[in-house]
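Asker: What follows is a predicted structure for the sequence shown.
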Amino acid sequence: MQKDSVLEMRGIYKTFYSVKALQNVDFTLREGEIHALMGENGAGKSTLIKVLTGVYSKDAGQVFLKGHEGPISIKSPEEAQKAGISTVYQEITLCPNLTVAENMYIGRSKGILTNWHKMNASADKILESLGIPAKAEQQLGSCSIAVQQMVAIARAVDMECKVLILDEPTSSLDESEVAKLFRLMLDLKARGVGIIFVTHFLDQVYEVCDRITVLRDGQLVGEYAIENLPRVELVSKMLGKDLDDLSEIKSGDEEAKIGSEIVYEADELSSVAARYPFHFSIHKGEVNGFTGLLGSGRSECVRAIFGADKVTGGKVRIDGKDIHIKKPRDAMKHGIGYLPEDRKRDGIVGDLSVRDNIILALQVMEGFFGPISKAKAEKFADEYIKLLEIKTASTDTPIKSLSGGNQQKVILARWLLTNPQYLILDEPTRGIDIGTKIEIQKLVLKLAGEGKSVTFISSEIDEMLRTCSRLIVMRDGKEVGELSGSDLTQSKVMSTIAGGAR
Amino acid sequence: MTIAKTGEAGLLKSGRIFRRQIFIPIAALLALVLFNLITDPSFFEINYSLNSAGDPVLSGYLITILDNASELAILAIGMTLVTAASGGQDISVGAAIAISGSVILRVLCGDNPRPDEMQASILTAFLVSCVVSMLFGAFNGTLVAYFNIQPMIATLILYTAGRSIAAWINNNRLPIISDPSFGYFGSFLPGIPIPTPIFIAVICMIIIALVLKFTTLGLYTQAVGINPHSAKLNGINPAFIKFITYVIMGLCVAVAGFIKVTRFSTINYSVVALDIEMDAILAVALGGNALSGGKFSMASSILGAYVIQFLTTTLFKFNVSSSALPAYKAVVVIILVVLSAPAVREKLGKFWKSIQHARTGKEAA
C-alpha cells in the first residue's frame, strides 16, 4: 500500500447472471482528496461501491485500508462503517420523522439509556463545526433536502470515517444547495477525509475533484489527475469513442416534414393533478415539448393526456374525432404511448424479465385472451434489444439487474413495439449516460421523420432545443408561453420560464 | 436431444439447479421418499382390493397422500394467485370452506336435516355453493383491492365470522345426506379404483394450466404484484386484477369445500378444514414463491401442497398423534423454508460449483 493512500482496491472482479460487472478493477483513494468515479450507466461504478461497502461480495480481488495490516474483507455495510467507510446515497436513508440529533446517533448508543441533553449538545457542536444550518432538536423532515443530505454526511463524519462515498448526492439539489454541499466537501477534504464522488454532472467534477477514475464496461480505463484530463477527453474515455457533434443531431429541415393534419388535440383538458385546464395539440411528424422547472406542471399535463391521473374535464380529439380518454388503456387504444418520468416507480416491472417488460404494453392491447406466445415474445425482444442496443445477458434477465440507461431503453422498446402514432416521453434521458442520451434524442427525431408525433420533456433545456420544434413553457401549473422557430434559444426559454418581467 | 442433454448437465454442473424455484419442493419430496424408503419400503406398496361396498379399489399410503392432498392442492392454486397479485394471503379459506360446504348441504337437504332423498341435484348444489363462495371472495377482494386494506386484516373478518355463518346457514343443525351417490365424490365412483378427489384436483390443475396458457392472467398478476404503478400505466387495472384473484380463490374454496363435505356426507362447522389456510400459505412458500407477491410458479406451489400432505401422512404412519403433529411439522417446515431462502440457495449453488471444480481439477490431474 502506498504511503498517502487511505484505500486501495486491487484486481476486483464481480459477475452477475454471467454479466461481467467488474473485471480486474483497481482503485486508489488518497488522503484528503476528492476522487470522482466516472463512467456511463452500467460501467460498474455502483457495483464497485457496493463491493467496497459490503453490499455485494466480490468474486476476486483485494481491498486495503489504512490502519489495517494486509487485505481486509468487508461482508456487510455495518462492517464497512466500523472500518471507517461511510456512504451517503442519492436517496436519503435517514428517518424524516426523527430529530436531526436522533438521526445522527441512531443505532450508535452504547447502553440502553440515552443522555438526550448530551446527545443534542454534541450534535449541535458537530453541525456548527461543519457549518450545517440545522439544529439538533429540529425534525429532519422539516429541513431542505440539501440539509438532510448534509446531516447524513455529518453522521458519517462523526463516526470517524476515513473514506466517505457520495453516490450522486447532487441530483436533487438546486445550485445554491450544491454550492453548500461543495463547501462541506472541501472542508472535510482539508481534514484529511478521502471522498469518492459519483455523479453524472461533468461541471461538478471539474469544480471540486482532484482526480478522476474512469470505468467502462466493468473495466478500468484509467486514473487521471483532473488537470490532465480535459472534458472532451473525459467524455470520449467514458464512451470509448469520439463524441458525435451534438449540434449535428438536428438536421434542420425537419420542420418541412411536419404534416398539416393535427394528430391530437385537447381543449380545456384538466385532471386531478393538472388543475389548470390547458390547450394542447400536436401535428403529424412533429416533436414538441413541455418545459419549465421541476414541479411546474409539465408532467401533470402529459399524464392528463395519457389518462394516467383522473381526468376531470376537457375535450379530446384524435385525427379530428371526438374521443374520451379516462384511463391509460383508452389512450393506448388510440395509439398513444407514454414513457413515465419516474422509471423505477412507474416504468419497470423489476422482477419480470426484459422480455416480459418489452411485450407488456402490446400484450395489454392484445387483450386478456390473446397472450403473445413465448416464441413471438422472444422474437420481439431480440429485435428491440438489437435495434436499441440494449445491454442484457439474455431476454430472461430480470430488468432490475440492468443499468438505468438500459432499463430506460427497455421501456422505450415497450412503447415502440405498440407502434404508437403519438409518443410521449417524459424525461427519457434522466439519470442516464451521455451516449444513451444522444441515442434517444436521435431516435426521437427518427420517429418524427417516420411521421410519428412525439412530445418530449427534459430538464435539460439544450436537449429540448436540439429535438423540439415547438416548446410549451409552464410555470406554477399554467402554460405561460409557446416558443417556436427563431424563439428557440436558451435565453428566450429561460426568460419565459422565469417570467419576462424579471 | 443432445443439446437438451448437455443443457441439463450444464445446469447441474454450474449449480444453477439450486436456484431454480421448483428445486425446493422437488428436493423436499425426494428427501421424504428417501426417508420412507429407508425406514419402511412398504410405505410405497399399493394394494388392489375390495372396499366395503364391494368395489375393487386401490389403497396404500401413496394413494392416501394423493387423495388427501386434493383440497390443499386446489387451494394452493388460488392462494398463489392471491399472493402474487396482492402481496398478502387469504386467511379465511378454512372458514369459507365451512360456508361453501354448509351451502351445499342446505341446498340438498332443504329444511329437513335428514332427508330421505336429496331436494336438488348435486350439480345445482355445487353451482350455488360456487356462486356463494365467489361472492365471499368478492367481498374479500373488494376490501383488499378497492379499500386498500391489508389482505390478512381484510380476510380476518371472514376468518372470524365464517364458521358462525356456516352454522347459521343450516340453522345450527348437522344435516346428513344418506344418498350414497353424494359420497361418490369424496371417495370412489363405482367401478373406478382411483379416489374421485384426485380426478377433481387434476381437472382443476388442467383448468389453471389452460387459463395461464391462454390468458394473460399470469403476466397481469405478476406485473400488478411487482409494480402496480407501472402496471396501471401499461393499461392494466391493478385493483380489478387483485379483486379477480380473490374471486378465483373463492371458486377454489367452493371446489375444496365440495370435496370436504362429500368425504363425510355431513359437516362439522367448527373443525372442517381447520387451519387449512396455513397449509395453503405454506404450500405457496414451500414452492419458493415470495409471500410479498410478484413472480410465482404455479407448479411449485401445487407440488408444495403434495409435499405437505406427504409429510403429514409420513408422520401419521409413525404414530405421531394428531395433537403432536404440528410440532413435528414445524421442525420440517423450518428446514424447508430456510433451504428455500434465496440467500441459502445461492450459497448451495456456489458450494456445488466449487465441489465440481475440485473434482474436474482432480480428473485433469
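Answerer: Nice, thanks for sending it over. Everything quoted here is computed from the prediction, not taken from an experiment.

Asker: Distance of the closest residue to chain A within chain B relative to A:K326?
Answerer: Chain A sits closest to B:G235 of chain B, with a gap of 3.8 Å, by Cβ to the nearest Cβ. Every residue, glycine included, has its C-beta placed from N, CA and C. Counting by Cβ to Cβ, to the nearest Å, the separation of B:G235 from A:K326 is 12 Å.

Asker: More neighbours: the two, which one.
Answerer: Higher neighbour count among B:G235 and A:K326: B:G235, with 20 against 10, using other Cβ atoms under 10 Å in any protein chain shown.

Asker: okay, and for chain A, where does confidence drop off?
Answerer: Counting by pLDDT under 70, chain A has low-confidence residues at A:1, A:18, A:41, A:90-92, A:107-112, A:171-172, A:174, A:239-258, A:293-295, A:499-502.

Asker: How much space separates A:K386 from A:I358?
Answerer: Relative to A:I358, and taking Cβ to Cβ, A:K386 is found at 12 Å.

Asker: Now do the phi/psi pair for A:N24.
Answerer: Dihedral pair for A:N24: phi 50, psi 50, per degrees, to the nearest 10.

Asker: so which strand or helix has the closest residue to it other than its chain neighbours?
Answerer: Nearest residue to A:N24, sequence neighbours excluded (Cβ to Cβ, 6 or more residues apart in numbering or on different chains): A:G11, at 5.2 Å. For A:G11, the host element (DSSP states H and E) is strand A:5-16.

Asker: Which residues does that strand contact?
Answerer: A:1-2, A:20-31, A:44, A:47-48, A:51-52, A:56, A:58-66, A:85, A:162-163, A:194, A:401 (Cβ atoms under 8 Å, 6 or more residues apart in numbering or on different chains).

Asker: ok, back up a step: looking at A:K386 and A:I358, which one has more neighbours?
Answerer: A:I358 (31 against 9).

Asker: Could you list the low-pLDDT ranges of the stretch 151-300 of chain B?
Answerer: Using pLDDT under 70, nothing in the stretch 151-300 of chain B is flagged.

Asker: Tell me where it has helices.
Answerer: B:151-169, B:180-183, B:196-214, B:217-226, B:228-233, B:238-264, B:276-286, B:298-317 (DSSP state H, counting those that start in this stretch).

Asker: And A:E389, its phi and psi?
Answerer: Torsion angles, degrees, to the nearest 10, at A:E389: phi 50, psi 50.

Asker: Actually, A:F201.
Answerer: phi -90, psi 110.

Asker: residues in contact with the residue nearest to it when sequence neighbours are not counted?
Answerer: Once flanking residues are discounted, A:F201 sits nearest to A:T170: 6.5 Å by Cβ to Cβ, 6+ apart. By Cβ under 8 Å, 6+ apart, the contact set of A:T170 is A:V178, A:L181, A:T199, A:F201, A:Q204.

Asker: Using the record's assignment, carve chain A into domains.
Answerer: Split into domains by automatic domain parsing, chain A comes to A:5-239, A:246-335+A:421-502, A:341-419.

Asker: looking at those domains, which is buried most?
Answerer: domain A:341-419 (a mean of 20; mean count of other Cβ atoms under 10 Å in any protein chain shown).

Asker: do it and chain B meet at all?
Answerer: Yes. Shown here: domain A:341-419 in contact with chain B (Cβ under 8 Å from any Cβ of the partner chain) through A:345-352, A:356, A:360-361, A:363-371, A:414.

Asker: what residues does chain B put near chain A?
Answerer: So chain B meets chain A at B:213-217, B:219-220, B:222-223, B:226-227, B:229-237, B:294-295 (Cβ under 8 Å from any Cβ).

Asker: if we can go back for a sec, I'd like the distance between the residue nearest to A:N24 and A:Q23.
Answerer: 9 Å.

Asker: quick one: which of the domains of chain A is nearest B:V247?
Answerer: domain A:341-419 (14.4 Å; Cβ to Cβ).

Asker: For the closest one, measure first residue to last.
Answerer: 20 Å (Cα to Cα, to the nearest Å).

Asker: Off-centre distance for that domain?
Answerer: 19 Å (Cα atoms, centre = their mean, to the nearest Å).

Asker: rewinding a little: can you redo the domains of chain A as a markdown table with distance to B:N268?
Answerer: A markdown table is the format used below for the domains of chain A (distance: least, Cβ to Cβ, whole Å):
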| stretch | distance to B:N268 |
| --- | --- |
| domain A:5-239 | 50 |
| domain A:246-335+A:421-502 | 47 |
| domain A:341-419 | 40 |
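
Asker: so which of those domains comes closest to B:S181?
Answerer: Here domain A:341-419 is closest among those (Cβ to Cβ), at 36.5 Å.

Asker: I'd assumed A:M494 was in a helix, is it?
Answerer: Yes. A:M494: assigned to a helix according to DSSP: H, G, I helix; E, B strand; the rest coil.
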